[in-house]
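Engineer: No sequence on hand, only this structure:
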């Protein structure tokens, strides 16, 4: 099982927003730690949406409000489980930022949406490969048993 930290998603959102503002790029306004509670609501929804996009491979086991625990294919290595969590975190942060920018900068919102979709695509490719490898391994084991 792997945990997706809502706090990690929020930290990524705050860091991106602060860097964009520092670099003089358009922002919907500076987000601060005071915004964590509001961001947590959208970050959780975005993380759930991202996990749901991989429903054949990922099962949400629990959501305590701070950590979303997911179950992934057994054929994933520990590193791949960590990467899955990181990709969900990144995609959820990008989806949240896309929503924040939607009203003030549609071009930036589209950029964040594309970034989220790219992370989801990488995650799905990795999960599909792991699931296929798991099925092949099971078939080999079954062939040895028979």
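Structural biologist: On my side now, so go ahead. Here the structure is a predicted model, which means the values were calculated and not measured. Residues are numbered from 1 along each chain as shown.

Engineer: from the chain's centre, how far out does the longest helix seen in the chain sit?
Structural biologist: In the chain, ranked by residue count with DSSP state H as the criterion, the top helix is helix 106-145. Here helix 106-145 is found 13 Å from its chain centre; the criterion is Cα atoms, centre = their mean, to the nearest Å.

Engineer: so which strand or helix has residue 103?
Structural biologist: In the assignment (DSSP states H and E), residue 103 maps to no helix and no strand.

Engineer: gap between it and residue 29?
Structural biologist: To residue 29, residue 103 is 11 Å away according to Cβ to Cβ, to the nearest Å. For glycine as for every other residue, the C-beta is placed from the backbone atoms N, C-alpha and C.

Engineer: Likewise for residue 54?
Structural biologist: 32 Å.

Engineer: more crowded one of these two?
Structural biologist: residue 54 (20 against 10; other Cβ atoms under 10 Å).

Engineer: For that one, report the pLDDT, please.
Structural biologist: Looking at residue 54, its pLDDT stands at 89.

Engineer: how about the most centrally placed residue in the chain, secondary structure?
Structural biologist: Nearest to the mean C-alpha position of the chain, counting by Cα atoms, centre = their mean, stands residue 88 at 1.3 Å. Recorded secondary structure, residue 88: helix (DSSP: H, G, I helix; E, B strand; the rest coil).

Engineer: Please look at it and residue 50 and confirm they touch.
Structural biologist: Yes. Between residue 88 and residue 50 there is a contact under Cβ atoms under 8 Å: 4.9 Å.

Engineer: which neighbours do those two share?
Structural biologist: Taking Cβ atoms under 8 Å, 6 or more residues apart in numbering as the contact rule, residue 88 and residue 50 both touch 119, 123.

Engineer: what about this protein, any weak spots by pLDDT?
Structural biologist: For the chain, residues meeting the criterion pLDDT under 70 lie at 25-28, 134-146.

Engineer: try it again with 90
Structural biologist: The chain contains residues with pLDDT under 90 at 1-2, 17-33, 48-49, 51-63, 65, 71-77, 100-101, 103-105, 128-146.
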